[in-house]
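S.K.: Fold the following, please.
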Amino acid sequence: MAQTPEGFSITTEELFLIAIVAAFVFVPRLGGQWLTRAENLAFIFARRKTLVLVVLAFASIALRLALLPLFPVPVPAVHDEFAYLLGADTFAHGRLANPPHPMSVYFETFHVLQYPTYASQYPPAQSAILALGKLLGHPWIGVLLSMAAMTGAITWMLQGWFPPEWALLGGVLVLLRFGLSSYWINSYWGGAIAASGGALVLGALPRVIHHQRLRDSIWLGIGAAMLANSRPVEGFIFCLPVAAALAIWLFSSRNSDFRITGPNLVLPVLCVLTLTVLFIGYYNWRITGKAFLFPEKLAIHRYDNAPLLVWQPQNPPLHYTNPQFDYFYNVVVRNQCIPTWAGWRTRSTFFLLNVWQMFLGSILSVSFIMLLRVTRDRRMRLLWLQLCLSIAGLLAVVYLEPHYAAPLVATVFALWVQSMRHLRHAKLFGRPVGIGLSRAIVLAFLFNLAFFFVGVRNVPRNLDFWSLSRARFVKQLDETPGTHLVIVRYQPDHYVHHEWVYNAADIDHSKVVWAREIPGRDIQPLLAYFRDRKVWLVEADTSPPRLLPYTGQ
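M.R.: Next up is the predicted model:
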């Protein structure tokens, strides 16, 4: 961070941008020989489209593994992460849900259903990829694979919309933007699955129209299925403009013979979507007992008393069995989700800024100085419609996180690539400054990224963070002979986002079982049920947290 004479702060990212852009504006041909040679090599490589997809997918894994000294394998810390990991453990055991536990009142935790079944409340896609990783050795392997799939899918989408060299540039920047240091790769929250689904839908669209191949229709259906099982509401809104564009094309005069294109396009997509609907119905039935009752809907009805949509009024407070739920749902959530115009404006602004910073940031956004030309571009109208419609749908929801906008990654980077293409040919007072400016944006981004990793290397690690303490206790108990029951004791001022009570899918056969101490409720039934286990107490709110033998006091 630097200070200007007027006292305004300038970030390192902005300093890189100003310095490099100024150099290329005043000297447009700066480094032209070397940069032209690099661009020519990239152009030769980009024409081998399949090889590009494979190389970028593997590069996303290799680069992230190379950064393990800076960013170790993530430890789950957020409520949602533990819920997704429960789903992964359930799937890895070969089932969609677990039977309810007789001691479930002590195991109640955020975003997890305890009855009619014991299961995660979230759609299954993210848990499925984590389950694959778990079967391969660790759930985070699934995160790596999902990021590789996302990088390949978005590059494939860009190849369907743009010349291969521009698709390569977009794919590389997606990899560097999301695959190294973002929370999508450094947590278990997800984002990559929905982004991959959006890219497959968007990438299949021009291929279906131009080539009318069966495989492209299947990819479109698979992309829609991935969205339905990861971000169903956002995915549905995302797919509406694509469905409308395909319908218009199918019944327009440009489509020569519907008897040929109809079966090649409509039947494969309908088959994939029919199977998707049947699976979702079966998944819902296995968890909630009703095919049309989604687990998240049941969890919201049972636990959450805040409005979901901005025009809904506040619901009356609910009563819970433990004080952590009471404080989280009746205080934290209600204060975050105040249904007023000022509250909506604050939440929406914060969300849009977070999404913008995560997707593009200051440097890459410079290309949108060509925004007027891009909005006039007929090929981009569908993308603009999709972007605006999806943002409107997102802002209608009270609670927002950047990964809710994951389907839009492909859309945003397609618009960014088109902006860069227009910028490449821009002139200022007759001078061809566009080529230098477009190069400056890419170089400033790369220099800033390198500077960021150098800075991260010198940042001291906080080894007392609560999630690391929990992971350390788990490791300690795993290495201790016998089976264990851990009673978690919270203080009245406990920070509810630091939740310790999460269990594996098969609680009774787990080596370590976590339970909460509930003020005013007798804990003897729990101790009697697990009488063969060594009982421990975690004092979660001491600094640092402590693991002690349980004495009953």
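
S.K.: how much space between Arg302 and Gly87?
M.R.: According to C-beta to C-beta, to the nearest Å, Arg302 and Gly87 sit 18 Å apart. Using the backbone N, CA and C atoms, a C-beta is placed for each residue, glycine as well.

S.K.: His138 now?
M.R.: Computed as C-beta to C-beta, the His138 to Gly87 distance reads 16 Å.

S.K.: out of those two, which sits in the busier spot?
M.R.: Legend: neighbour count by other C-beta atoms under 10 Å for His138 and Gly87, higher for Gly87 (28 against 13).

S.K.: Do a quick rundown of the helices in the stretch 101-250 of the chain.
M.R.: All helices of the stretch 101-250 of the chain, identified by DSSP state H, counting those that start in this stretch, fall at 124-136, 139-161, 164-178, 192-211, 214-228, 232-250.

S.K.: State the mean pLDDT of the third one.
M.R.: Mean pLDDT, computed over helix 164-178, is 96.

S.K.: One more: the fifth one?
M.R.: In this model, helix 214-228 has an average pLDDT of 95.

S.K.: tell me which residues of that helix are tucked away?
M.R.: Buried residues in helix 214-228, counting neighbours by 16 or more other C-beta atoms under 10 Å, are found at 216-228.

S.K.: Tell me if I'm right that Gly142 and Ala148 touch.
M.R.: No. Gly142 sits out of contact with Ala148 when judged by C-beta atoms under 8 Å, with a separation of 10.6 Å.

S.K.: and these two? which has more neighbours close in?
M.R.: When Gly142 and Ala148 are compared for neighbours, Gly142 comes out ahead with 26 against 23, by other C-beta under 10 Å.

S.K.: Check the gap between the more buried one and Ala92 for me.
M.R.: Gly142 sits 10 Å away from Ala92, going by C-beta to C-beta.

S.K.: Could you do Val538 as well?
M.R.: Distance from Val538 to Ala92, by C-beta to C-beta: 26 Å.

S.K.: Over to Leu85?
M.R.: Taken as C-beta to C-beta, the span from Leu85 to Ala92 is 10 Å.

S.K.: Looking at those two, which is more packed in?
M.R.: Leu85 (22 against 19).

S.K.: what packs against the helix or strand containing that one?
M.R.: Using DSSP states H and E, Leu85 maps to helix 79-92. Here helix 79-92 touches strand 112-113, strand 119-120, helix 124-136, helix 139-161, going by 3 or more C-beta pairs under 8 Å, 6 or more residues apart in numbering; DSSP states H and E.

S.K.: what pLDDT, on average, does the longest one get?
M.R.: It stands for helix 139-161. Here the average pLDDT along helix 139-161 is 97.

S.K.: And that helix, what does it pack against?
M.R.: Partner elements for helix 139-161 (3+ C-beta pairs under 8 Å, 6+ apart): helix 49-66, helix 79-92, helix 124-136, helix 164-178, helix 192-211, helix 409-424.

S.K.: Could you list the low-pLDDT ranges of this structure?
M.R.: The chain contains residues with pLDDT under 70 at 1-17, 19-32, 253-262, 456-464, 553.

S.K.: switch to 80 and redo it
M.R.: 1-33, 251-264, 305-306, 336-340, 427-433, 454-465, 552-553 (pLDDT under 80).

S.K.: how about the residue nearest to the spatial centre of it, what does it touch?
M.R.: Residue closest to the average C-alpha location in the chain (C-alpha atoms, centre = their mean): Gly191, at 1.8 Å. Neighbour list for Gly191: 178, 182-184, 402-403, 406 [criterion: C-beta atoms under 8 Å, 6 or more residues apart in numbering].

S.K.: got the contact list for Leu387?
M.R.: Leu387 makes contact with 408, 411-412, 415, according to C-beta under 8 Å, 6+ apart.

S.K.: so how far is Thr411 from it?
M.R.: As judged by C-beta to C-beta, Leu387 and Thr411 stand 5 Å apart.

S.K.: mind listing what Leu168 touches?
M.R.: Leu168 makes contact with 42, 45-46, 52, 155, according to C-beta under 8 Å, 6+ apart.

S.K.: First-to-last residue distance for stretch 334-349?
M.R.: 19 Å (C-alpha to C-alpha, to the nearest Å).

S.K.: The stretch 251-400 of the chain: helices as residue ranges?
M.R.: 258-288, 295-303, 323-327, 333-336, 341-359, 361-365, 371-376, 381-395.

S.K.: Of the helices and strands packed on helix 139-161, which is nearest Thr542?
M.R.: Ranking the helices and strands packed on helix 139-161 by proximity to Thr542 (C-beta to C-beta) places helix 79-92 first, at 21.6 Å.

S.K.: now the helices of the stretch 251-400 of the chain in CSV, with distance to Phe162?
M.R.: What follows is the helices of the stretch 251-400 of the chain, written out as CSV (distance: least, C-beta to C-beta, whole Å):
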stretch, distance to Phe162
helix 258-288, 23
helix 295-303, 37
helix 323-327, 50
helix 333-336, 40
helix 341-359, 18
helix 361-365, 16
helix 371-376, 13
helix 381-395, 12
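
S.K.: out of those, nearest to Ser104?
M.R.: Among the helices of the stretch 251-400 of the chain, if distance is taken as C-beta to C-beta, the winner is helix 295-303, at 12.4 Å.

S.K.: Helix 79-92 and the closest one, what's the angle between them?
M.R.: Counting by axes from the mean of the first three to the mean of the last three C-alpha atoms, to 10 degrees, helix 295-303 lies at 130 degrees to helix 79-92.

S.K.: what's the angle between helix 295-303 and helix 232-250?
M.R.: 140 degrees.

S.K.: May I see the buried residues of helix 295-303?
M.R.: In helix 295-303, counting by 16+ other C-beta under 10 Å, buried: 295-296, 298-299, 303.

S.K.: Could you do stretch 239-256 as well?
M.R.: Going by 16+ other C-beta under 10 Å, stretch 239-256 has these buried residues: 239, 241-242, 245-246, 250, 255.

S.K.: ok, of the residues you listed, which one's closest to Gly133?
M.R.: Among these, Cys239 lies closest to Gly133 (C-beta to C-beta), at 27.5 Å.

S.K.: returning to what we had before: state the distance from the residue nearest to the centre of the chain to His403.
M.R.: Counting by C-beta to C-beta, the gap from Gly191 to His403 is 4 Å.

S.K.: now Leu135
M.R.: 24 Å.

S.K.: and if you look at Gly281?
M.R.: Taking C-beta to C-beta, one finds Gly281 at 25 Å from His403.

S.K.: Distance from the chain centre to stretch 168-182, please.
M.R.: 14 Å (C-alpha atoms, centre = their mean, to the nearest Å).

S.K.: could we number from 52 for the rest of this?
M.R.: Sure, I'll start counting at 52 from here, so that last one is stretch 219-233.

S.K.: Only the C-alpha atoms, please, for that stretch, written as PDB.
M.R.: Backbone C-alpha positions of stretch 219-233 (Å, rounded to 0.1, in the frame of the first residue of the first chain) are rendered in PDB as follows:
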ATOM      1  CA  LEU A 219      -6.100 -19.700 -24.700                       C
ATOM      2  CA  LEU A 220      -5.600 -16.300 -23.100                       C
ATOM      3  CA  GLY A 221      -9.000 -16.400 -21.400                       C
ATOM      4  CA  GLY A 222      -8.400 -20.000 -20.100                       C
ATOM      5  CA  VAL A 223      -5.000 -19.100 -18.700                       C
ATOM      6  CA  LEU A 224      -6.300 -16.100 -16.800                       C
ATOM      7  CA  VAL A 225      -9.200 -18.100 -15.400                       C
ATOM      8  CA  LEU A 226      -6.700 -20.600 -14.100                       C
ATOM      9  CA  LEU A 227      -4.500 -17.900 -12.500                       C
ATOM     10  CA  ARG A 228      -7.500 -16.000 -11.200                       C
ATOM     11  CA  PHE A 229      -9.400 -18.900  -9.500                       C
ATOM     12  CA  GLY A 230      -7.100 -21.900  -9.400                       C
ATOM     13  CA  LEU A 231      -4.300 -20.700  -7.200                       C
ATOM     14  CA  SER A 232      -5.300 -18.500  -4.300                       C
ATOM     15  CA  SER A 233      -9.100 -18.100  -4.400                       C
END
